[in-house]
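*Asks:* Mind looking at a prediction? Sequence and model below.
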Amino acid sequence: MKILVIEDEQALLESILAYFTGEGNICEHASDFAAANEKISLYSYDCILLDLGLPGGEGLELLTKIKQLKKRDGVLIISARHSLDDKLAGLDLGADDYLVKPFHLSELKARVSAIVRRKNFDGNNIILFNEITVDVSAMKITVKGNQVMLTKKEFDLLVYFLSNRNKVVTKNAMAEHLWGDEMDMSDDFDFIYTHVKNLRKKLLEAGSADYLHSVYGIGYKFGDI
């Protein structure tokens, strides 16, 4: 998953980042309103963890902006504000969930995973696409019942393609999703081509139809022709 953590409490921020990156996720962070506003405007995320009380502004204003931009990013509010009115205000503005501090990181992860499943795969851990089956939780891929061994990046790339099936995805979007905004966005996308080529080869060798198509000058499309 690609996650943005908007939190000004440094110790909590570091704990969340360490926990989620340790699980193999791409994590970015912002500690004040201005930095968060910039990231929300420029990038997309599977889930945004949003604190409400931020230096320079109010988290609910950021939530309003996310919805005005018609972004599909999941939003989980993490806040010390525990009144019913605060929770209802956040949920009414479009947040997917509300978690009161303090919390266990394992519960935070479970809630984030649930949001991403609802957003991308109708709440399912199992993704089915013709003869391809992906168990997101177990990170297991099978084609016609045969297990396919993928690298972490190849797995992430396949899940990204499946969440955008039959859509053209640009090389920039793929690089940003897999490596985050720390990625050096040069014109050389050989690394993307290599991952796509390897993923396609492994799927074909396992008996999959050829669903990966290059869109000249733009990127790739995964799906039925």
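*Replies:* Cool, the structure landed. Numbering: from 1, shown residues only.
*Asks:* same for the worst-scoring helix or strand of the chain on mean pLDDT, what does it pack against?
*Replies:* One helix or strand of the chain scores below all others by mean pLDDT, DSSP states H and E: helix 171-179, with a mean of 77. Here helix 171-179 is seen to pack against strand 26-30, helix 152-163, helix 190-205, strand 219-222 when contacts are counted using 3 or more C-beta pairs under 8 Å, 6 or more residues apart in numbering; DSSP states H and E. Every residue, glycine included, has its C-beta placed from N, CA and C.
*Asks:* Now tabulate those in a markdown table and tack on distance to Ala11, mean neighbour count and mean pLDDT.
*Replies:* Output for the helices and strands packed on helix 171-179, formatted as a markdown table (distance: least, C-beta to C-beta, whole Å; neighbours: other C-beta atoms under 10 Å; pLDDT from 0 to 100):
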| stretch | distance to Ala11 | mean neighbour count | mean pLDDT |
| --- | --- | --- | --- |
| strand 26-30 | 13 | 20 | 91 |
| helix 152-163 | 28 | 19 | 88 |
| helix 190-205 | 35 | 16 | 90 |
| strand 219-222 | 40 | 20 | 90 |
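*Asks:* This protein - how does it break down into domains?
*Replies:* For the chain, automatic domain parsing gives the domain ranges 2-121, 126-222.
*Asks:* what's the least confident stretch among those domains?
*Replies:* Of all the domains of the chain, the minimum mean pLDDT falls on domain 126-222 (a mean of 85).
*Asks:* And the strands in the chain, which stretches?
*Replies:* Secondary structure of the chain (DSSP state E): strands located at 2-6, 26-30, 47-50, 53-54, 57-58, 74-79, 97-100, 126-129, 132-135, 140-143, 146-148, 168-170, 212-215, 219-222.
*Asks:* Out of the ones you listed, the one nearest Tyr19 is which?
*Replies:* Closest to Tyr19 of the strands of the chain, according to C-beta to C-beta: strand 26-30, at 9.2 Å.
*Asks:* returning to what we had before: so can I have a markdown table of the strands of the chain showing distance to Phe161?
*Replies:* Shown next, in a markdown table, are those (distance: least, C-beta to C-beta, whole Å):
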| stretch | distance to Phe161 |
| --- | --- |
| strand 2-6 | 14 |
| strand 26-30 | 16 |
| strand 47-50 | 19 |
| strand 53-54 | 35 |
| strand 57-58 | 36 |
| strand 74-79 | 19 |
| strand 97-100 | 26 |
| strand 126-129 | 9 |
| strand 132-135 | 10 |
| strand 140-143 | 12 |
| strand 146-148 | 14 |
| strand 168-170 | 7 |
| strand 212-215 | 7 |
| strand 219-222 | 4 |
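*Asks:* which of those strands sits most buried?
*Replies:* strand 47-50 (a mean of 26; mean count of other C-beta atoms under 10 Å).
*Asks:* Sweet, I'm off.
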